[in-house]
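**Student:** Sharing a model that was predicted from the sequence below.
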Amino acid sequence: MSLTFKESLTALHGLILGAAFLLAFTGGFAGLWGFRSDWLTSDGAKAAVRKTMLSTWTMAALAWATVLIGTYALYPWYRAKPPADMTGIQLQGYPRSVLLANVGTAGWHELGMEWKEHIAWLAPILATTVAFVVTRQRRQLLHNTRLRRALLFLFAVSFFCAAVAGFFGAFINKAAPLR
Amino acid sequence: MTVENQDGNTPDGGSWAAVLAAGIGCAAIGILTDLSEASKLISSALSISKQVGDLSGKTTLSIVCWLIAWALLHFRWRRRDLATPGRVAALTIVLVLVSLIGVFPPFFKLFSSD
């Protein structure tokens, strides 16, 4: 039972950081959703603010780490071009070429990877914004319904982007793993 | 530094600035994705890292747009409560939708120069 360096980094990117982001979303979203003056006591609000700040900054950090590792460590290996005379089984180790060599798997690159590599970058921008606003506006967020709703929207979009990237990442790695 | 208004509260302008800047940064990713698909010249210019290709330039430039927009809007709005936050929220939603459509492959391939 062992993992190569590329497999370890892929696991860190998708299974650890990416999955932690998706799991942490539930806590952060529930915290923001429950941030209402008619639901919380003063002490309850202070505790909820602390928890929401912690979970949103954690999500932002996880999102940045995930996209940076994905783009600058894993993606160059994924898109590396094989020597011209390579065909069939020799293409293993060049996932993009493996996927494009077969009509049945080309869609994983043409739709999956091309969507994933772009949409994933929206997640850290949105998560960082949510964390910043929760921290800056922590005392008034309870009463500012419009701003809270805007944050819930950004947070939900951030989750959607990470979920699309995670979904395609898992299936692409199944169809053409990085080894 | 957090600025407080007369009620001792932090004005919400700085927060709306961050929200709108996020929309601008996201839209930049969508627009640059479409532009680099439409033009090999732009794609080549955005290839800051040879190994990563034009994705490196698209994302780096978008992050720069996001941070510049955030800084400019923050310094303009940080000391006041916004009078029309609904407009900022609506504009942000439009910008985020632009980004989501712009990065969807069946859409950006409509501009493909191949």
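**Tutor:** Here it is on my side, so go on. Only a predicted model underlies this, so the values are computations on that prediction, with no experimental measurement involved.

**Student:** How about the secondary structure of the residue of chain A positioned farthest from its centre?
**Tutor:** Ranked by distance from the centre of chain A (Cα atoms, centre = their mean), the top residue is residue A:85, with 36.4 Å. Under DSSP: H, G, I helix; E, B strand; the rest coil, residue A:85 falls in the coil class.

**Student:** top helix in chain A by residue count?
**Tutor:** The longest helix of chain A (DSSP state H) is helix A:145-175.

**Student:** If you could redo that for chain B, that was the one I meant.
**Tutor:** helix B:13-38.

**Student:** Between helix A:145-175 and that one, find me the angle.
**Tutor:** Put simply, helix B:13-38 runs at 30 degrees to helix A:145-175, going by axes from the mean of the first three to the mean of the last three Cα atoms, to 10 degrees.

**Student:** what helices or strands is helix B:13-38 leaning on?
**Tutor:** Where contact means 3 or more Cβ pairs under 8 Å, 6 or more residues apart in numbering or on different chains; DSSP states H and E, helix B:13-38 is packed against helix A:114-119, helix A:122-136, helix A:145-175, helix B:40-45, helix B:54-77, helix B:85-102, helix B:105-108. Where C-beta positions appear, they are placed from N, C-alpha and C, glycine not excepted.

**Student:** Out of these, which is closest to residue A:53?
**Tutor:** Of all the helices and strands packed on helix B:13-38, helix A:122-136 sits nearest to residue A:53, with 5.4 Å by Cβ to Cβ.

**Student:** other SSEs contacting the closest one?
**Tutor:** Applying 3+ Cβ pairs under 8 Å, 6+ apart, we find helix A:122-136 packed against helix A:19-33, helix A:42-69, helix A:145-175, helix B:13-38, helix B:85-102.

**Student:** hey, which helix or strand in chain A has the poorest pLDDT?
**Tutor:** Taking mean pLDDT, DSSP states H and E as the measure, the helix or strand of chain A with the lowest value is helix A:19-33, at a mean of 86.

**Student:** just how off-centre is that one within its chain?
**Tutor:** 12 Å (Cα atoms, centre = their mean, to the nearest Å).

**Student:** Check which helices and strands the longest helix of chain A sits against.
**Tutor:** The contact analysis (3+ Cβ pairs under 8 Å, 6+ apart) places helix A:145-175 against helix A:19-33, helix A:42-69, helix A:95-100, helix A:114-119, helix A:122-136, helix B:13-38, helix B:85-102.

**Student:** Of those helices, which is nearest residue A:174?
**Tutor:** Proximity to residue A:174 (Cβ to Cβ) singles out helix A:95-100 among the helices and strands packed on helix A:145-175, at 10.9 Å.

**Student:** Tell me the first helix or strand C-terminal of that closest one.
**Tutor:** As assigned by DSSP states H and E, the chain's next helix or strand after helix A:95-100 is helix A:103-107.

**Student:** quick one: that next one near chain B?
**Tutor:** No - judged by Cβ under 8 Å from any Cβ of the partner chain, helix A:103-107 stays clear of chain B, getting no closer than 9.9 Å.

**Student:** Tell me how far that helix lies from the chain's centre.
**Tutor:** The mean C-alpha position of helix A:103-107 is separated from the chain mean by 24 Å, Cα atoms, centre = their mean.

**Student:** List the buried residues for that helix?
**Tutor:** Within helix A:103-107, the residues that count as buried by 16 or more other Cβ atoms under 10 Å in any protein chain shown are residue A:105.

**Student:** Tell me which residues are up against it.
**Tutor:** The contact list for helix A:103-107, computed with Cβ atoms under 8 Å, 6 or more residues apart in numbering or on different chains, reads A:98, A:99, A:100, A:175, A:176.
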